[in-house]
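Asker: need a 3D model of the sequence below.
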Amino acid sequence: MTNRIPVRSTALGYPRIGSRRELKRALEAHWSGRLDAEGLERAAAAVRAEMLDDLAVLDSVPTGCFSFYDHVLDAAFAVDAVAPRHRRDGDLASYFAAARGDASAAPLEMTKWFDTNYHYLVPEIGLATVFAARPEKAVAEFREARERGLDARPVLVGPVSLLLLAKPADGSPEGFRPLDRLGDLVEAYAELLTELGRAGAGLIQLDEPALCGDRSPEELEAVAGAYRRLVGVAEILVAGGYGPFGESLPVLLDAGVEGIALDLVRGRSDLDALETLNVSRETFVLAGVVDGRNIWRTDLAAAAADVERVKAVTDRVGVASSSSLLHVPVDLAAETELPAALVERLSFARQKLAEITALADPDGPREPRPAAPDSWRDDAVRARLAGLPEDADRRAPYAERRAAQAERVPLPPLPTTTIGSFPQTAELRKARAAHRQGLMIDADYHSRMRAEVAAVIAEQEKLGLDVLVHGEPERNDMVQYFAEQLTGFATTAAGWVQSYGSRCVRPPILYGDVARTAPITVAWTSYAQSLTDKPVKGMLTGPVTILAWSFVRDDQPLADTADQVALALRDEVADLEAAGTAIIQVDEPALRELLPVRAAGRAAYAAWATRSFRIATAGVRPDTAIHTHLCYSEFGDVIDAIAALDADVTSIEASRSKMEVLADLDRASYNSAEFRSAVGPGVWDIHSPRVPDAAEMAAALRLAVAALGPGRVWANPDCGLKTRRYEEVVPSLEGLVEAARTVRSEIA
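Answerer: A predicted model of the protein is given here:
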């Protein structure tokens, strides 16, 4: 018989860009000077109103989930932890200076939010940082919900995670850690919570996803002290959302927190632990049984069983998403072209709210998710993978490859190149939209794209770059473009998800076995190569990144799915080589992204992730160079895995992180006697509108040459150029070429 303890419904967070990306357009209009601050605020208010309309079906509504750019940056501003170089006249100007940089200051570093494709801005905390509560945003958004008659619950990034996600400010003494400032920060948080309480807030959610990772005894002691202080100020619900709390769970409960939100999708071990701990029947436990990170329908029968297990522990139970719903699109109802068999297995943010409320209703539906149809299986793909020889992922020794590649494509020291894409102008986007809508015939569309390729090649030759790209004008997105041409994938019309700031992506849906039916990129690369005597790189997206930036089937191990994608890419690599392409770049910017949050699973992940890349790339001759690209991650966590990719050249984001990757490379197998491959540390931060000068880029190149040696360094931006304007791209690349020539002359 079902336990009749009442269950409350809620979510840990919600998409904040607008169901039709209204905030994206308002932000970009504001940044371009077409919309003033008041207009931006009106657009933001409309987005928040839509969010509240959706969330009103819940018993408890999270507030403070809205952000103009990033919730970690919001938390830093809420305690006035603003770097001096970003302080401007007006909070909004200071906020965007920190987020995007400007002519006088570089922005904050940007990196991946745990094992997701969301990018957060890294706070800079030092001994001189003076914390002060700035509760205005949190209080205002709480009151917006209260004025609608909703049971509102403010949400803030917790103090421990804020400091664990931060980096020491410039000038900090050796050995300083931002967590050393926890005592001071907690006092600012106590004031924030006090002000929210004065505004009428009861339970307040503090997000502590960093506690889902491995934490040392010293860190756990700091957690205990922080929360013993804060529970005396307010009723606190601590949320994780990215795996199990593990060793942090008893620490939080012993500190006396009012409630705990468990990720029971990726952190089910916490449910077992909860049953062994001495949990008060008055502790509020949120069962995060609805996946906040993937779009598959919830198995309501299995989820309800987990909720019943929570009821056995406490009398105060809630049903919630496992994490913020920030990571999924807003509404499945907008998708009218997806196959019916797929739609009935999907759930976007609004549908997940319905699942949550159904599970909170004792008489709600409890049916399991339907099984996948047999038509999604491809036995030929499975047989081919099973028959791969053991050495299918091995190449010739690096020294042999390097000599053969140098003979085939002679290059100067510090070769200059770009990562792949060139600006996606409004005219290009209009042409793609017209072609997609049937308003432009194939011949006219291909003619327009070929003209753009020719213009990009001509511009690169004029700039004096050494290795060229075709610019990718035909590609809407580096993953979606391939998904549209591989079996086993579906793409959405409006399934937008925020990646960072105003940048949104439409992750494809990988639902079945994957195969390539025809060449995808060969014609574009061959055409570009026909226009120049300089080498043109073939450009592909790697198997791990295709998985990381898609919503992936959950009915088989990720490793098996990655190998299927790798096999399809292996065929594309072979066709590029057969067409005469001497350099093929297979990008894996998401290699760090899928790394398990806890160390226990990392070796197994690195093994299958790097093997899938090698399956895709190892079929080429020694004189064909394999490049790869990685960006915006904590590379030190995966530096040995990067080496295990066995690429000949790795371009890697380095400018925002101030070339810190060089220290990681110095201690990794990159410097082993057998493997000393080349690296292109990005010397231009393309995610900022700021144009760096040649002297700045030359200084970065000198650091790289000093660390790696002149024969191992390439000069390149830190990412593709699709989001930038030509007015920024041309002078920046001119400076890049000048910087490379300057440093070349110094090492000649």
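Asker: would you indicate which residues of stretch 695-706 are buried?
Answerer: Buried residues in stretch 695-706, defined by neighbour count with 16 or more other C-beta atoms under 10 Å: 697-698, 700-705. Backbone N, C-alpha and C define where each C-beta goes, glycine included.
Asker: same check, this time on stretch 326-346
Answerer: 326-332, 334-335, 338, 342-343, 345-346.
Asker: and it, how far out from the chain middle?
Answerer: 21 Å (C-alpha atoms, centre = their mean, to the nearest Å).
Asker: what do you get for stretch 264-282?
Answerer: So, by C-alpha atoms, centre = their mean, the centroid of stretch 264-282 is 29 Å from its chain's centroid.
Asker: only alpha carbons, please: show that stretch as PDB.
Answerer: Presented in PDB, the C-alpha positions along stretch 264-282 are these (Å, rounded to 0.1, in the frame of the first residue of the first chain):
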ATOM      1  CA  LEU A 264      18.600  10.400  -7.700                       C
ATOM      2  CA  VAL A 265      19.300  10.100 -11.400                       C
ATOM      3  CA  ARG A 266      23.100  10.300 -11.200                       C
ATOM      4  CA  GLY A 267      23.500  10.000  -7.400                       C
ATOM      5  CA  ARG A 268      21.400   7.000  -6.400                       C
ATOM      6  CA  SER A 269      24.000   5.900  -3.800                       C
ATOM      7  CA  ASP A 270      22.800   8.800  -1.700                       C
ATOM      8  CA  LEU A 271      19.400   7.100  -1.300                       C
ATOM      9  CA  ASP A 272      21.100   4.000   0.100                       C
ATOM     10  CA  ALA A 273      23.100   6.200   2.400                       C
ATOM     11  CA  LEU A 274      20.100   8.100   3.600                       C
ATOM     12  CA  GLU A 275      18.500   4.900   4.800                       C
ATOM     13  CA  THR A 276      21.500   4.200   7.000                       C
ATOM     14  CA  LEU A 277      21.800   7.600   8.500                       C
ATOM     15  CA  ASN A 278      20.000   8.900  11.600                       C
ATOM     16  CA  VAL A 279      17.800  11.300   9.700                       C
ATOM     17  CA  SER A 280      15.200  13.300  11.600                       C
ATOM     18  CA  ARG A 281      11.600  12.700  10.500                       C
ATOM     19  CA  GLU A 282      11.400  16.500  10.200                       C
END
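Asker: give me the element L252 is part of.
Answerer: In the assignment (DSSP states H and E), L252 maps to helix 248-255.
Asker: just E727 next, same as before
Answerer: helix 726-747.
Asker: export that helix as PDB, just CAs?
Answerer: Taking Å, rounded to 0.1, in the frame of the first residue of the first chain, the C-alpha atoms of helix 726-747 are listed here in PDB:
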ATOM      1  CA  TYR A 726      34.800  40.500 -39.400                       C
ATOM      2  CA  GLU A 727      35.500  43.900 -37.900                       C
ATOM      3  CA  GLU A 728      37.000  42.100 -34.900                       C
ATOM      4  CA  VAL A 729      38.400  39.000 -36.800                       C
ATOM      5  CA  VAL A 730      40.500  40.700 -39.400                       C
ATOM      6  CA  PRO A 731      42.600  43.000 -37.100                       C
ATOM      7  CA  SER A 732      42.900  40.200 -34.500                       C
ATOM      8  CA  LEU A 733      44.200  37.800 -37.200                       C
ATOM      9  CA  GLU A 734      46.500  40.500 -38.500                       C
ATOM     10  CA  GLY A 735      47.900  40.800 -35.000                       C
ATOM     11  CA  LEU A 736      48.200  37.000 -34.700                       C
ATOM     12  CA  VAL A 737      50.300  36.700 -37.900                       C
ATOM     13  CA  GLU A 738      52.500  39.700 -36.800                       C
ATOM     14  CA  ALA A 739      53.000  38.100 -33.400                       C
ATOM     15  CA  ALA A 740      54.100  34.800 -34.900                       C
ATOM     16  CA  ARG A 741      56.500  36.500 -37.300                       C
ATOM     17  CA  THR A 742      58.000  38.600 -34.400                       C
ATOM     18  CA  VAL A 743      58.600  35.500 -32.300                       C
ATOM     19  CA  ARG A 744      59.900  33.500 -35.300                       C
ATOM     20  CA  SER A 745      62.500  36.200 -35.900                       C
ATOM     21  CA  GLU A 746      63.600  36.000 -32.200                       C
ATOM     22  CA  ILE A 747      64.100  32.200 -32.300                       C
END
